[in-house]
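1. Starting from these lines, generate the structure:
(one chain, ligands or ions: 1)
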Amino acid sequence: MGAARDAVLARRSWPKVTDAAPTDAELLDLVQAASTVADHAALAPWRVIALRGDARVRLGEALVEASGSEGSAAEKLAGKPLRAPLLIALVAAVRPHPKVPAWEQEACAAGVGHTLALLLDDAGWGVMWRTGPFTRHPAVARMHGLGDGEHLLGWLYVGGRSAADRPQRRIGTRAADRFTALD
Ligand SMILES: Cc1cc2nc3c(=O)[nH]c(=O)nc-3n(C[C@H](O)[C@H](O)[C@H](O)COP(=O)(O)O)c2cc1C
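-> This next block holds a predicted model:
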């Protein structure tokens with residue numbers, strides 16, 4: 001009992017990770033677990049895409065195309081996806097539904113992202129959810145092969161942990177400031 005609470009309290013984002021990464025089989029097992037999030041009408045309005053190796057280079061090129069930057073700015077942007085050996089693109093796959101509006105479907109997809117990040121953290125991987133100003137640019141969508149109604153929610157940057165790069169303790173949010181009870 002309390003394992004979920006412990007995992008949630010222990011999770012930290014790891015901005016710096018090593019070259020180690022889970023295999024597709026390990027990842028698929030965790031994605032399967034994350035697929036149990038609350039989902040109105042069981043639409044499963046999401047999918048994930050694992051980017052490794054050169055796919056990260058192509059993502060960097062797409063970010064540069066989206067930004068229109070050149071020179072050192074372009075070089076810096078192109079290097080961003082290379083900060084982790086594995087990027088998991090989180091895709092909201094929204095389709096028209098008479099009872100489930102787009103925002104509910106995006107909420108479900110975001111739930112998968114948070115749950116998958118937690119599961120990867122709990123499995124001992126370094127994880128950080130990242131986005132950026134070009135996350136929903138057409139060039140970036142094209143690079144991922146997104147279809148109609150598909151939008152990125154960002155990427156989970158995943159890699160190994162090294163003790164030297166252990167994140168600082170979090171200051172934290174005071175839940176009492178965010179809590180109201182109505183009778
Ligand atoms: C949708 C989403 C997008 C994010 N994008 C970025 C980002 O681009 N850059 C960044 O530094 N943090 C980003 N964050 C925040 C980090 O993932 C992380 O939550 C934050 O650094 C606090 O660390 P913690 O998770 O250990 O509390 C994003 C979080 C979410 C949920």
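2. Which positions in this protein make contact with the ligand?
-> Residues of the chain found near the ligand (C-beta under 6 Å from any ligand atom) are Arg12, Ser13, Met128, Trp129, Arg130, Thr131, Gly132, Leu153, Gly154, Pro167, Arg170. Placement of C-beta: from N, CA and C, glycine included.
3. excluding its backbone neighbours, what's nearest the third one?
-> It refers to Met128. Nearest residue to Met128, sequence neighbours excluded (C-beta to C-beta, 6 or more residues apart in numbering): Ser13, at 4.3 Å.
4. Let me know the pLDDT of that neighbour.
-> pLDDT for Ser13: 97.
5. Am I right that it falls within a helix?
-> No - read with DSSP: H, G, I helix; E, B strand; the rest coil, Ser13 is coil and lies in no helix.
6. how many neighbours does it have?
-> 15 (other C-beta atoms under 10 Å).
7. That one contacts Arg130, correct?
-> No - counting by C-beta atoms under 8 Å, Ser13 sits too far from Arg130 to count as a contact (9.1 Å).
8. returning to what we had before: out of the residues of the chain next to the ligand, the closest to Pro81 would be?
-> Set against Pro81, the nearest of these by C-beta to C-beta is Arg130 (9.2 Å).
9. count of residues packed around that closest one?
-> The number of residues near Arg130, taken as other C-beta under 10 Å, comes to 16.
10. Quick one: residues contacting it.
-> Going by C-beta atoms under 8 Å, 6 or more residues apart in numbering, Arg130 touches Gly154, Trp155, Leu156, Tyr157.
11. Tell me the first helix or strand C-terminal of the biggest helix by length in the chain.
-> Scanning the chain for the helix with the most residues, using DSSP state H, yields helix 102-122. For helix 102-122, the succeeding helix or strand toward the C-terminus, using DSSP states H and E, is strand 126-130.
12. what's the angle from that next one to helix 102-122?
-> Going by axes from the mean of the first three to the mean of the last three C-alpha atoms, to 10 degrees, strand 126-130 is angled at 160 degrees with respect to helix 102-122.
13. Relative to Met128, how far out is Asp29?
-> Applying C-beta to C-beta, to the nearest Å, the value for Asp29 to Met128 is 21 Å.
14. ditto for Trp103
-> 25 Å.
15. same check, this time on Pro81
-> 12 Å.
16. Ala89 contacts Ala55, doesn't it?
-> No - if you go by C-beta under 8 Å, Ala89 and Ala55 don't touch, sitting 9.4 Å apart.
17. Any regions of this protein where pLDDT drops low?
-> Across the chain, nothing is flagged by pLDDT under 70.
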